[in-house]
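Undergrad: sequence unknown, structure follows:
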Ligand code: MLT
């Protein structure tokens, strides 16, 4: 399998891919046309923020399974197209936190003390002291917009610099902020009161121009703003106007609406300091993000859950181990039902009982859906796009969970309903991690879901199992296991057979002719 790495992704990450037997091609960067041309040969693509992975590129990536971003921001990737195509998008959210935080603090100090301007003057032979009188950080208020992983670490360091820290983040509770020594306030308060304002948010349609003309008007004339997060969060034109008219004391900008950028009105202002998107550019961070993303590429190509996917529910650390057998069970139960169901599915109910109920059900749902749709959609469906497919088809999904346990320590029960048909299947995982089907449409069974299975619905009467087994045997198909479940003596019953290979259609027809057999289905998992 082949991996294309662009934007100078660190070699240490690429090494582990090569060691795992993947063929890695590395390039500086590529534009849309070049990328469209070559991407069809690759199963994985790794980029940093420098390459735009557009919808046409993704559509051309016929073999593409994962797009890895060696950094936090994924706004350069068309995630909705990737999701529709079932391509995982994964980032590296941890590796460059320290680099981003330190760059923020470095820019804040440089801005406060006019270091870049003084440096550039002195190198031109100008000894200027008066012009570059700065301000101290101690006692000043830092306003952080976005108190996520990076914002929080900026807050901790700012407290160390004896700054007062306030923050705006609607997703953080005040107790958490209090522990950091940060006052949570509305956005307007940050804008009106802070001496330094720094944004630590992703670029989305909601955060684009979050600091626009109107918001910048609220700032104090002595305030200074920083953007080392993503270009576009601050409106560059409005920022230029605010700085030029003296409504703002200064700005430190590392990221721009268009990149690379070599000329801008902002560059002409002496109270603006700039760096060319260096936020994550430390040796340590580049090594760490490359390793982080490479590990997810390997997980994805090996069919394992991806740790830092941004377009599917993420299962981290210990949880991945705990959930893995249940995901396997969920997919098998889904696959079983997807083959039993002959008419279009209208509703799906997924119920998790027992110890499973403590976890987020989203990954289990994705695997059930992938299993359910696979028989009809084949490889066009995977656990990334399965929920989108369900939504597009108007299928209603209900997730239920309960800690109550009956006979099994954990149980996944799935009920699918169509207009005239419905099926219910329940399964569990034993302590060794082996999945079992324990109930089918109300019949208790204990069958391991295997590659080839026969489901025979029949009357509960003697001289039936033998003739059915004879038809299977006549096809030279070996029966590995067999289970019979009934609700009441002499009523209807179900026979679940694990067989070693496929049974031809004609043989199924023959089984249907056996006296007492009501229906038979071949299931391939
Ligand atoms: C990030 O989002 O982590 C960085 O901006 C990525 C980069 O340095 O290209």
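TA: Nice, I can see it. Note that the coordinates shown come from a computational prediction; the quantities given were computed from them, not determined experimentally.

Undergrad: what's near enough to touch the residue in the stretch 1-150 of the chain that the ligand sits nearest to?
TA: Of all residues in the stretch 1-150 of the chain, residue 71 sits closest to the ligand, at 2.7 Å by Cβ to the nearest ligand atom. Heads up, the C-betas are built off the backbone N, CA and C, glycines and all. Residue 71 makes contacts with 48, 49, 91, 92, 96, 280, 289, as judged by Cβ atoms under 8 Å, 6 or more residues apart in numbering.

Undergrad: Surely the fifth one and residue 49 touch.
TA: No. Proximity of residue 96 to residue 49 does not meet the contact threshold set by Cβ atoms under 8 Å, at 11.0 Å.

Undergrad: just to revisit the earlier point, neighbour count added to the contacts of residue 71, as CSV?
TA: Formatted as CSV, the contacts of residue 71 follow (neighbours: other Cβ atoms under 10 Å):
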residue, neighbour count
48, 26
49, 22
91, 23
92, 27
96, 25
280, 25
289, 28
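
Undergrad: Quickly name whichever of those residues is closest to residue 119.
TA: residue 280 (22.9 Å; Cβ to Cβ).

Undergrad: Just the element for the closest one, please.
TA: Following DSSP states H and E, there is no helix or strand that holds residue 280.

Undergrad: How about the residues of the stretch 201-350 of the chain by the ligand?
TA: Contact residues, the stretch 201-350 of the chain versus the ligand (Cβ under 6 Å from any ligand atom): 279, 280.

Undergrad: what ranges do the strands span in the stretch 201-350 of the chain?
TA: Per DSSP state E, counting those that start in this stretch, the stretch 201-350 of the chain carries strands over the ranges 224-227, 250-253, 272-274, 347-354.

Undergrad: same for the helix ranked longest in the chain, what does it pack against?
TA: Ranked by residue count under DSSP state H, the longest helix found in the chain is helix 317-340. Based on contacts counted as 3 or more Cβ pairs under 8 Å, 6 or more residues apart in numbering; DSSP states H and E, the elements that helix 317-340 packs against are helix 362-377, strand 410-417, strand 422-429, strand 435-440, strand 517-524.

Undergrad: Is it possible to get CSV of the ones you listed that adds mean neighbour count?
TA: Converted to CSV, these look like this (neighbours: other Cβ under 10 Å):
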stretch, mean neighbour count
helix 362-377, 23
strand 410-417, 21
strand 422-429, 21
strand 435-440, 20
strand 517-524, 16
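
Undergrad: Those: which one's closest to residue 345?
TA: Residue 345 sits nearest to strand 410-417 of all those, at 5.2 Å, using Cβ to Cβ.

Undergrad: ok, and what's touching the closest one?
TA: With Cβ under 8 Å, 6+ apart, strand 410-417 has contacts from 326, 329-330, 333-334, 337, 341, 345-356, 364, 368, 372, 405, 422-429, 438-439.

Undergrad: doesn't residue 438 make contact with residue 444?
TA: Yes. In this structure residue 444 lies within contact range of residue 438 using Cβ under 8 Å: 6.8 Å.

Undergrad: Can you give me the end-to-end span of stretch 162-180?
TA: End-to-end span of stretch 162-180 (Cα to Cα, to the nearest Å): 13 Å.

Undergrad: pLDDT on stretch 12-21, on average?
TA: Mean pLDDT, stretch 12-21: 98.

Undergrad: scratch that, stretch 497-505
TA: 94.

Undergrad: next one: that stretch to chain centre, how far?
TA: The offset between the C-alpha centroid of stretch 497-505 and the centroid of the whole chain comes to 38 Å, using Cα atoms, centre = their mean, to the nearest Å.

Undergrad: Tell me which residues of that stretch come out buried.
TA: For stretch 497-505, the neighbour count (16 or more other Cβ atoms under 10 Å) marks 497, 498, 499, 503 as buried.

Undergrad: closest to residue 192 among those residues?
TA: Looking across the buried residues of stretch 497-505 and measuring by Cβ to Cβ, the closest to residue 192 is residue 498, at 70.0 Å.

Undergrad: Wait, a strand at that closest one?
TA: Yes. Applying DSSP: H, G, I helix; E, B strand; the rest coil, one finds residue 498 inside a strand.

Undergrad: hang on, the earlier thing: can you say which of the strands of the stretch 201-350 of the chain is packed in most?
TA: strand 224-227 (a mean of 26; mean count of other Cβ atoms under 10 Å).

Undergrad: Three-state assignment for whichever residue of the stretch 351-500 of the chain sits closest to the ligand, please.
TA: In the stretch 351-500 of the chain, the residue found nearest to the ligand is residue 384; the distance is 21.4 Å by Cβ to the nearest ligand atom. With three-state DSSP as the basis, residue 384 sits in coil.

Undergrad: ok so, going back, can you put the strands of the stretch 201-350 of the chain in TSV and add mean pLDDT?
TA: Output for the strands of the stretch 201-350 of the chain, formatted as TSV (pLDDT from 0 to 100):
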stretch	mean pLDDT
strand 224-227	98
strand 250-253	98
strand 272-274	98
strand 347-354	96
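
Undergrad: Redo these as a markdown table? Include distance to residue 123.
TA: Converted to a markdown table, those look like this (distance: least, Cβ to Cβ, whole Å):
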| stretch | distance to residue 123 |
| --- | --- |
| strand 224-227 | 24 |
| strand 250-253 | 20 |
| strand 272-274 | 15 |
| strand 347-354 | 65 |
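
Undergrad: Which element is encountered next along the chain beyond the strand or helix carrying residue 119?
TA: Element membership of residue 119 [criterion: DSSP H and E] is helix 115-123. Per DSSP H and E, the first helix or strand lying C-terminal to helix 115-123 is strand 141-145.

Undergrad: Average pLDDT for that next one, rounded please.
TA: 98.

Undergrad: for that strand, packing partners?
TA: By 3+ Cβ pairs under 8 Å, 6+ apart, strand 141-145 packs against helix 149-160, strand 164-168, helix 187-193, strand 196-199.

Undergrad: Out of these, which gets nearest to the ligand?
TA: helix 149-160 (9.2 Å).

Undergrad: List the buried residues in that closest one.
TA: Quick answer for helix 149-160 (16+ other Cβ under 10 Å): 150, 151, 152, 153, 154, 155, 157, 158.

Undergrad: How about residues contacting that helix?
TA: Outside helix 149-160, the residues that reach it (Cβ under 8 Å, 6+ apart) are 72, 93-94, 97-98, 100-101, 104-105, 137, 142, 144-145, 147, 165, 167, 169, 180-182, 198, 200, 229.

Undergrad: How far does it sit from its chain's centre?
TA: The answer for helix 149-160 is 26 Å, by Cα atoms, centre = their mean.

Undergrad: same question, stretch 84-93
TA: For stretch 84-93, the distance to the chain centre is 6 Å (Cα atoms, centre = their mean).

Undergrad: Is the ligand within reach of that stretch?
TA: No. Stretch 84-93 does not reach the ligand (Cβ under 6 Å from any ligand atom); its nearest approach is 7.3 Å.

Undergrad: Need the distance between the two termini of that stretch.
TA: 23 Å.

Undergrad: how about it: buried residues?
TA: 84, 85, 86, 87, 88, 89, 90, 91, 92, 93.

Undergrad: isn't the last one right next to residue 72, touching?
TA: Yes. A contact is recorded between residue 93 and residue 72 when judged using Cβ under 8 Å, the distance being 5.4 Å.

Undergrad: Can you tell me the SS state at the residue of the stretch 1-150 of the chain closest to the ligand?
TA: coil.

Undergrad: same question for the longest helix of the chain, mean pLDDT?
TA: 90.

Undergrad: Now it: buried residues?
TA: 320, 323-340.

Undergrad: can you check stretch 303-316 too?
TA: For stretch 303-316, by 16+ other Cβ under 10 Å, it's 305, 306, 307, 308, 309, 310, 311, 312, 313, 314, 315.

Undergrad: and if you look at stretch 179-198?
TA: Buried-residue list, stretch 179-198, by 16+ other Cβ under 10 Å: 180, 182-185, 187, 190-191, 193-198.

Undergrad: cool, and stretch 134-150?
TA: 135, 137, 140, 141, 142, 143, 144, 145, 146, 147, 148, 150.
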